[in-house]
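Q: The following comprises the amino acid sequence and a computationally predicted model.
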Amino acid sequence: MSIDSRTTRMFFFLRVPVACIFLLGLCPLLLADATLPGLFSDHMVLQQGREISVWGWATPGEKITVTLAGESRQTAADGSGNWKVMLPPLTAGGPFLLQVRGTKTVLLKDIMIGEVWVFSGQSNMTFALSGTEGAATQIPAANHPEIRLFTVPEQSTLTPQQNVTARWELCTPDTARKFSAVAYFFGRALYQQLHVPIGLIHSSWPGTDGESWTPAESLRSSPQLASILQTWNGASTPEKHLAADPLEFDLQFDDFKLLPAESVLLPRVFSDFNDGESHNTMGGLWTYDWPSAPGSEFDLLHPGRDGSGYAAHVSGQLAVPDVGLLNSSFSPDGSAADLSPYSGITFYYRGDGYFRYRSRQPSIFDYDDYRSPLVHATADWQQATILFKDLRQDGWGIPEAFTPQSLSSFALEILRGPDAPLAPSSLFNGMIAPLIPYAIRGAVWYQGESNAMRGYQYRALLPALIQGWRQAWNEGDFAFLIAQLPNLGRREDKPGESAWAELREAQFMALRVPNTGLAVTIDLGDVVNLHPPRKAEVGQRLALWALGTTYHKDIVYSGPLYDSMQIDRNRIRIHFTHVGSGLEAREGGELREFAVAGSDRIFHWARAIIDGDSVVVSSPEVSSPVAVRYGWAGNPDCNLYNREGLPASPFRTDDWQAKAVNGK
């Protein structure tokens with residue numbers, strides 16, 4: 001088995017010196033002939049009904065003429081070689097030719113005018129169509145020539161970039177299978193209703209924080225978020241992370257040490273250090289595969305700079321590098337044992353960094369991704385231990401016992417610097433800024449897993465991201481749709497606190513920002529799978545919100561959303577918006593997952609009854625209720641829907657900060 005190249009490519013830019021990155025961002029300016037950004041290619045879709053920006057680079061002073069659909073505009077490159085023209089709005093249609101004439105002529109073919117949306121976030125947005133439920137039938141049917149796909153390559157930079165290297169593609173079974181499933185299903189739903197060309201721009205990176213996608217000025221100007229930049233800037237000089245010695249973490253055979261032959265059975269270990277496609281140089285990535293059978297042989301592969309590797313078996317003893325030592329709890333026969341209080345991962349590291357737990361799922365192109373900082377780092381090698389019980393208590397969704405059935409593998413990364421390479425604003429700089437000012441209708445956002453332990457901060461972060469994008473595009477309050485986190489983890493016997501519930505609440509609260517939408521996915525998750533395969537419903541629910549608001553279709557586009565409450569002696573009445581044709585308990589029976597508390601702030605399961613467009617909640621254990629919660633858990637068993645089949649969002653009527661969840 002080899003490390004997934006999609007995962008390791010995230011480290012490419014770390015091998016490139018700062019000066020080279022700067023030049024790469026400016027390379028169009030060094031060309032004498034008129035040059036267009038990567039966004040402008042054959043098969044592109046331009047936004048209908050909006051002025052169309054066409055821009056690029058040329059020799060300073062060079063005259064440029066741009067022609068599209070019978071409309072022409074002229075300009076000249078400025079002293080830095082930049083030029084831009086604005087074409088008048090066009091209605092949906094095509095195909096057209098786009099001609100850019102300067103010293104030489106660039107001719108782009110098969111240009112369509114239609115609806116353009118940007119899709120961004122982390123791994124659940126990168127989740128490919130090939131991994132979805134029903135992929136075997138969905139992929140052959142993904143032949144939609146008027147739907148066009150554009151994937152922004154992964155690029156993390158400290159300054160805003162002007163260009164990306166990619167091209168538009170027609171939606172075919174071959175191109176769609178690797179494309180974002182959420183984006184595909186969203187675009188297909190729009191196409192089926194609007195019957196106009198659809199352009200889908202996918203710009204995501206698995207395992208990334210929201211602040212990496214937020215413009216620096218939006219972070220800097222927020223009292224709640226400024227500390228994010230201060231922490232990064234105070235940890236070390238950012239340029240050092242980009243220009244680090246590429247050999248610093250390269251292992252030599254002498255770095256290995258022997259373990260006693262009677263050591264506990266270990267899974268196979270792979271260490272990824274090579275000069276090929278992965279370019280993983282700032283840290284280490286060790287992937288542990290479960291033994292396929294009792295007594296599976298342990299071996300270690302260490303790829304060298306030329307692609308060769310070392311396999312370490314020395315006199316029947318196990319050889320492992322000092323920087324990666326697994327000490328998990330396995331029984332002698334090779335089966336997974338229950339985790340003891342002290343089982344976990346012990347490893348050595350140096351420099352600042354993060355520990356990452358990753359559960360790889362071969363059916364998709366990314367990883368589950370959880371992170372914990374390494375504290376008190378020094379320049380010398382030192383030992384750190386991450387206990388599985390601590391990860392579980394922190395809400396990382398780790399099962400009670402590791403089994404070959406529950407996880408296919410997990411990996412350990414050590415990244416130098418404060419979460420290098422994904423610095424605050426670095427993905428906005430590298431993967432969103434190059435898209436601006438390309439006219440769009442709106443954006444779709446599926447992220448939050450990496451911020452789940454900071455739900456209160458996310459209340460400020462998500463609005464800052466939305467407003468920062470809108471200010472950068474300067475197109476007004478374009479639509480911004482949010483996929484709420486789905487259910488994950490074991491079911492709870494008692495009402496309690498939940499980091500995921502707090503993050504969902506922050507996503508819900510983002511609806512206070514004008515022209516935003518929320519697709520509730522509380523019924524589409526999985527007990528142990530951070531990447532649930534039911535992505536068709538996610539894309540369709542997001543599309544419903546777009547169709548009902550942006551495109552003014554007369555439809556019910558949301559499930560019930562909490563609006564207000566009324567206390568009536570020993571009961572609380574909950575009012576909702578988006579009830580559609582009425583509320584219902586799905587599959588009949590009583591409503592579940594409602595809890596009520598009095599002034600003591602102790603929640604008890606409650607009886608909840610639908611009464612018209614409201615729900616009445618009470619409990620014999622709470623004579624004077626003051627607060628209600630619904631679905632307040634990582635994996636609640638929610639069954640409140642409207643009759644159109646859309647689920648209600650989890651909510652709470654209180655705002656009591658949970659110390660156990662937020663660490664405050």
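A: Received, thanks.

Q: contacting residues for the closest residue to Leu646 other than its chain neighbours?
A: Nearest non-adjacent residue to Leu646, counting by CB to CB, 6 or more residues apart in numbering: Gly559, 3.4 Å away. Backbone N, C-alpha and C define where each C-beta goes, glycine included. Gly559 makes contacts with 520, 578, 641-642, 646-649, as judged by CB atoms under 8 Å, 6 or more residues apart in numbering.

Q: let's go with 6 Å and repeat that
A: 520, 642, 646-648 (CB atoms under 6 Å, 6 or more residues apart in numbering).

Q: Out of those, which is nearest to Gly548?
A: Leu646 (11.0 Å; CB to CB).

Q: how many other residues sit next to the closest one?
A: Residues lying near Leu646 (other CB atoms under 10 Å) number 20.

Q: what's the answer for the one 10 residues further on, then?
A: With neighbours defined by other CB under 10 Å, the count for Trp656 comes to 12.

Q: Look up the closest residue to it, ignoring the ones flanking it.
A: Closest to Trp656 by CB to CB, 6+ apart is Arg601, at 5.8 Å.

Q: any low-confidence regions in the chain?
A: For the chain, the stretches with pLDDT under 70 are 1-33, 231-422, 659-664.

Q: any idea how it splits into domains?
A: 245-415, 562-662 (automatic domain parsing).

Q: Could I get the contacts of Gly559 in a markdown table, plus columns for distance to Gly468 and secondary structure?
A: Output for the contacts of Gly559, formatted as a markdown table (distance: CB to CB, whole Å; DSSP: H, G, I helix; E, B strand; the rest coil):
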| residue | distance to Gly468 | secondary structure |
| --- | --- | --- |
| Val520 | 25 | coil |
| Asn642 | 33 | strand |
| Leu646 | 30 | coil |
| Pro647 | 30 | strand |
| Ala648 | 30 | coil |
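
Q: what's the farthest-apart pair in these?
A: Among the contacts of Gly559, the pair separated by the greatest distance (CB to CB) is Val520 and Asn642, at 10.9 Å.

Q: which residues does Thr75 contact?
A: Thr75 sits next to 64, 83, 85 when contact means CB under 6 Å, 6+ apart.

Q: what does Val66 give?
A: 54, 73, 85, 100.

Q: Against Glu115, how distant is the third one?
A: In other words, Val85. Applying CB to CB, to the nearest Å, the value for Val85 to Glu115 is 22 Å.

Q: These two: which is more packed in?
A: Legend: neighbour count by other CB under 10 Å for Val85 and Glu115, higher for Glu115 (24 against 20).

Q: Would you mind confirming that Gly102 makes contact with Gly56?
A: No: assessed by CB atoms under 6 Å, Gly102 is found out of contact with Gly56, at 9.0 Å.

Q: Between those two, which contacts overlap?
A: What both Gly102 and Gly56 touch, as defined by CB under 6 Å, 6+ apart, is the set Ala34.

Q: Who has more neighbours out of the two?
A: Gly56 (24 against 21).

Q: Isn't the more buried one up against Leu36?
A: Yes: the pair Gly56 / Leu36 is scored as a contact, 4.4 Å apart, by CB under 6 Å.

Q: Pairing partners for the longest strand out of those in the chain, with directions?
A: Longest strand in the chain by number of residues (criterion: DSSP state E): strand 105-121. Strand 105-121 has the following strand partners under DSSP bridges: strand 45-47 (parallel), strand 93-101 (antiparallel), strand 198-204 (parallel), strand 442-446 (parallel).

Q: what residues does that strand touch?
A: If you take CB under 6 Å, 6+ apart as the criterion, strand 105-121 is touched by 42-48, 90, 92-100, 125, 180, 183, 196-199, 201-204, 440-447.

Q: can you tell me which helix or strand Ile466 belongs to?
A: Assigned by DSSP states H and E, Ile466 belongs to helix 455-473.

Q: could I get that helix in PDB with only the CA atoms?
A: Provided in PDB are the C-alpha atoms of helix 455-473 (Å, rounded to 0.1, in the frame of the first residue of the first chain):
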ATOM      1  CA  GLY A 455     -17.800  26.200  18.200                       C
ATOM      2  CA  TYR A 456     -18.100  29.600  19.900                       C
ATOM      3  CA  GLN A 457     -15.300  31.100  17.900                       C
ATOM      4  CA  TYR A 458     -16.900  29.700  14.700                       C
ATOM      5  CA  ARG A 459     -19.900  32.000  15.500                       C
ATOM      6  CA  ALA A 460     -17.600  34.900  14.500                       C
ATOM      7  CA  LEU A 461     -15.400  33.000  12.000                       C
ATOM      8  CA  LEU A 462     -18.100  31.900   9.500                       C
ATOM      9  CA  PRO A 463     -19.700  35.300   9.200                       C
ATOM     10  CA  ALA A 464     -16.200  36.900   8.800                       C
ATOM     11  CA  LEU A 465     -15.400  34.400   6.000                       C
ATOM     12  CA  ILE A 466     -18.700  35.100   4.200                       C
ATOM     13  CA  GLN A 467     -18.300  38.900   4.400                       C
ATOM     14  CA  GLY A 468     -14.700  38.700   3.500                       C
ATOM     15  CA  TRP A 469     -15.400  36.700   0.300                       C
ATOM     16  CA  ARG A 470     -18.200  39.100  -0.600                       C
ATOM     17  CA  GLN A 471     -16.000  42.200  -0.100                       C
ATOM     18  CA  ALA A 472     -13.200  40.600  -2.200                       C
ATOM     19  CA  TRP A 473     -15.600  39.800  -5.100                       C
END
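
Q: and after that helix, which helix or strand comes next?
A: Per DSSP H and E, helix 455-473 leads on to strand 479-483 as the next helix or strand towards the C-terminus.

Q: List the neighbouring strands of that following strand plus their orientation.
A: Its sheet considered, strand 479-483 pairs with strand 442-446 (parallel), strand 516-519 (parallel) by DSSP bridges.

Q: Which of those has the highest mean neighbour count?
A: Ranked by mean neighbour count, the strands paired with strand 479-483 are led by strand 442-446 with a mean of 26 (mean count of other CB atoms under 10 Å).

Q: May I have that strand as CSV, with CA atoms only?
A: The C-alpha coordinates for strand 442-446 follow below in CSV (Å, rounded to 0.1, in the frame of the first residue of the first chain):
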residue,chain,number,x,y,z
GLY,A,442,-23.1,32.2,-5.2
ALA,A,443,-21.0,29.9,-3.0
VAL,A,444,-21.5,26.7,-1.2
TRP,A,445,-19.6,25.9,2.0
TYR,A,446,-19.1,22.4,3.6
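
Q: Do a quick rundown of the helices in the stretch 351-500 of the chain.
A: With DSSP state H, counting those that start in this stretch, the ranges of helices along the stretch 351-500 of the chain come out as 388-393, 426-427, 455-473, 499-509.

Q: most tightly surrounded among those?
A: Highest mean neighbour count of these: helix 426-427, a mean of 28 (counted as mean count of other CB under 10 Å).

Q: For that helix, name the packing helices and strands.
A: For helix 426-427, there is no helix or strand it packs on, judged by 3 or more CB pairs under 6 Å, 6 or more residues apart in numbering; DSSP states H and E.
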